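Q: sequence and computational prediction follow.
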Amino acid sequence: MGLLLVSCYFRLVVVASLLQTPTMSDVITATDDPPPPPVKRYRRQESSSSESSEADDNFTPYVPVRERLKQKLTKFDQIVKRAGTDDERSRSTAGEESQDSQSKPSEKALVEEVYDVRKAHASLLDQHTELKKKAEELKESDRDRRLKEEEEILRSVAEKTALKGVAELAKGIQYTDPIKTSWRPPRYLLDKSQDELDSIRNKHRILVEGENIPPLCVTFQEMKLQREIIEGLKKQGIITPSPIQIQGIPAVLSGRDMIGIAFTGSGKTLVFVLPLVLMCMEQELMLPFDRDEGPYGLIVCPSRELARQSCDVAKYYADCFYRAGKPRLKTCLCIGGVDVREQADQIRRGVHMIFATPGRLLDLLDKKRLRLDVCRYLCLDEADRMIDMGFEEDVRRIFSFFKGQRQTLLFSATMPKKIQTFARSALVQPVTVNVGRAGAANASITQDVEYVKQEAKIVYLLPTIAKTPPPVLVFAEKKQDVDAIHEYLLIKGIAAVAIHAGKDQEERSRAVDQFKKGLKDVLVATDIASKGLDFIDVQHVINFDMPGDIEDYVHRIGRTGRSGKKGVATTFINKSCDEMILLDLKHLLIEAGQKLPSFLMALESEEDTLAQADPNVDRGCGYCGGLGHRITACPKLEQNQMKQVKSKREFLAAGTNDY
């Protein structure tokens, strides 16, 4: 065992000595510096010198990411330009279209790739700007979608049948030229330039539409009115014509069809009454009207009181001619509540002018007691209100009784675009004369809106009436409210009268006459007294109830502030009022520059948002003219549609019962 260990030891010593034995190179360099560390060599580096020089020539330097992106974008722009050039060439050569279609997919992929690269390397500010632009584009498209939807609604509710007679529609009769008259404007007015006429219109805030518009006349002498008429106007305190008369009377005297829109109390009645009186006098002097002949002119009004008032105005100026020794012009009032035999007797004796309501007029026409063979002058006063009240079919039936072309006039203080478009179907080359916005309130009226609880209205009425001297006009929605207010005022010792549709015509006429003559201080009425009635001395109008339509509100407050005078209108509102009507009232007050109560100021609508986003969009509803809502939320449109559905159901139910 010991010998084995000794032998192993000696073997290890020999091996160690052999490993430490220096080589020849080690001996040579032992006297010099210590040897450098070993260098690793590869087969690639052992190639020839020529091969290494070629590798140096093919070496590609490092390009930063920004530079590579710039090069890729430059290449993208070149491809886009080349694609545009190829597209133009493809339009001229049909053979290149297939080649372009094959190259487009790769170019499209490159474009998408570059867009992705741009988006990935864009700064946060650029990304914010891009998102903001996309949001604006989306918002704009949403606004366009809303406007298109409103146009579709207005187009769907528009009347498809023209406002013409049945015979004219069946035979396709269409008149292209207006009626010719003998009236001609003064020559010096015809010599005026268009710029001079436009400056006068701008001064009086007159907007006109139409072809070959007659020149306006700023005095009654320029209108060539007879001396008797001018003297009669002076006795009424009318010295100079109002803006609607400056342009409207020359247009009517020229024989043109016309749509007249002006605020309440602006003198629209004289625009159609004076030309009618002059034309009837001309016809009578040429060939006197015989028995059973006439009328030459027909005035249709929505209410009995308005028809009576217009008839009285025509009688006054006809009497001016008669007192001067000229023939008497005969007028006839055809309204309900009066014996029809008396009206038929007047017509049989010959008549020049008839003032009527649609119901009684159709009754006379159907029974052959009245003929419109020689009638050439038709005026619809408060035309939009007449259509709203359901007289649309009645008006179309009235047109069917005319035997030839007539001059058609339509007047109102509130006439939405729907009514204007519908009315133009019955007119020939119409002239539209607009003084102010259709549906705007009279600027000379101070509008006060007060929040009064429903149970406190009747008590608060007395101090409100005492704000101004009499006469005062009080409006209420329901007939029973009118009777209750009238009774309350009588108990309190106030001289008051009341009118509504439930009273007979004699009582209604007597009440209006007493109020106009100053024998009574307060008139309590429903909306039958709100359309067209002229109460010159009324200084205060009280809306005991807020009407269900903003147009009714405009007509109500228009009973004061007439002929340039000042007036006050007080309206009671509370939580029972419809919010949509209150929004319309809010915008109407803003438009007129009136004081806005805090409870109205807090109301916001979709119309406000849309108007703020785009001020160029037409404001308000195109159906009813309200400024506080769009046509998509129009309560009047919804109400009319419900009426149509109800009438259809009743018709179908009646048809089933017949079987």
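A: Structure received.

Q: buried sites along stretch 348-358?
A: Going by neighbour count (16 or more other Cβ atoms under 10 Å), the buried part of stretch 348-358 is Gly350, Val351, His352, Met353, Ile354, Phe355, Ala356, Thr357, Pro358. Yep, even glycine has a C-beta here, placed from its N, CA and C like the rest.

Q: how much space between the second one and Leu533?
A: The spacing between Val351 and Leu533, counted by Cβ to Cβ, to the nearest Å, is 24 Å.

Q: swap in the third one?
A: In this structure, His352 lies at 24 Å from Leu533, with Cβ to Cβ as the measure.

Q: go on, the fifth one?
A: In this structure, Ile354 lies at 20 Å from Leu533, with Cβ to Cβ as the measure.

Q: and if you look at the fourth one?
A: Counting by Cβ to Cβ, the gap between Met353 and Leu533 amounts to 20 Å.

Q: what's the closest non-adjacent residue to Asp521?
A: Nearest residue to Asp521, sequence neighbours excluded (Cβ to Cβ, 6 or more residues apart in numbering): Pro470, at 3.6 Å.

Q: burial of the one you found, as a residue count?
A: Pro470: 20 surrounding residues under other Cβ atoms under 10 Å.

Q: hang on, it is in a helix, isn't it?
A: No: read with DSSP: H, G, I helix; E, B strand; the rest coil, Pro470 is coil and lies in no helix.

Q: close enough to count as contact, it and Leu523?
A: No: using Cβ atoms under 8 Å, Pro470 is not in contact with Leu523; the gap is 9.9 Å.

Q: circling back: pLDDT value on the residue nearest to Asp521, please?
A: pLDDT, Pro470: 91.

Q: and the one 3 residues further on, by the same measure?
A: Looking at Leu473, its pLDDT reads 95.

Q: can you list the strands that the helix or strand harbouring it pairs with?
A: Element membership for Leu473, per DSSP states H and E: strand 472-475. Using DSSP bridges, strand 472-475 pairs in its sheet with strand 522-525 (parallel), strand 540-543 (parallel).

Q: looking at the ones you listed, which is buried most?
A: Comparing these by mean neighbour count (mean count of other Cβ atoms under 10 Å), strand 522-525 ranks first with a mean of 26.

Q: in this protein, which spans are strands?
A: 206-209, 258-262, 297-300, 331-334, 353-356, 377-381, 407-412, 431-435, 445-451, 472-475, 496-499, 522-525, 540-543, 567-573 (DSSP state E).

Q: CSV for the ones you listed, including distance to Leu489?
A: Putting the strands of the chain into CSV (distance: least, Cβ to Cβ, whole Å) gives the following:
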stretch, distance to Leu489
strand 206-209, 42
strand 258-262, 33
strand 297-300, 34
strand 331-334, 30
strand 353-356, 32
strand 377-381, 31
strand 407-412, 32
strand 431-435, 36
strand 445-451, 19
strand 472-475, 8
strand 496-499, 4
strand 522-525, 6
strand 540-543, 11
strand 567-573, 16
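
Q: and stretch 191-201, how far from the chain's centre?
A: 28 Å (Cα atoms, centre = their mean, to the nearest Å).

Q: tell me the buried residues in that stretch?
A: Judged by neighbour count using 16+ other Cβ under 10 Å, the buried positions of stretch 191-201 are Leu197, Arg201.

Q: can you check stretch 199-209 too?
A: The neighbour-count check on stretch 199-209 (16+ other Cβ under 10 Å) flags Arg201, Ile206, Val208 as buried.

Q: gap between Tyr322 and Arg328?
A: Distance of Tyr322 to Arg328, given as Cβ to Cβ: 5 Å.

Q: below-threshold pLDDT in the stretch 401-550 of the chain: ranges please.
A: Filtered on pLDDT under 70, the stretch 401-550 of the chain yields the residue ranges 417-419, 422, 438-439.

Q: related to what we said a few turns ago, of the buried residues of stretch 199-209, which is the nearest to Leu583?
A: Using Cβ to Cβ, Ile206 is the member of the buried residues of stretch 199-209 that lies nearest Leu583, at 29.8 Å.

Q: related to what we said a few turns ago, with respect to Ala633, which of the strands of the chain lies nearest?
A: Relative to Ala633, the nearest member of these by Cβ to Cβ is strand 567-573, separated by 19.5 Å.

Q: domain-wise, how is the protein divided?
A: 65-91+103-121, 166-435, 445-577 (automatic domain parsing).

Q: redo those domains as JSON lines? Include distance to His128.
A: Listed next are the domains of the chain as JSON lines, based on distance: least, Cβ to Cβ, whole Å:
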{"stretch": "domain 65-91+103-121", "distance to His128": "13"}
{"stretch": "domain 166-435", "distance to His128": "42"}
{"stretch": "domain 445-577", "distance to His128": "43"}
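
Q: how many residues are close by the spatially closest residue to Leu189 that is not a sequence neighbour?
A: In space, and not counting its chain neighbours, Leu189 is closest to Pro215: 4.3 Å by Cβ to Cβ, 6+ apart. Per other Cβ under 10 Å, the neighbour tally for Pro215 reads 20.

Q: would you agree Pro215 is in contact with Leu253?
A: No: when contacts are counted by Cβ under 8 Å, Pro215 is not listed as touching Leu253 (11.5 Å).

Q: thank you kindly, that will do.
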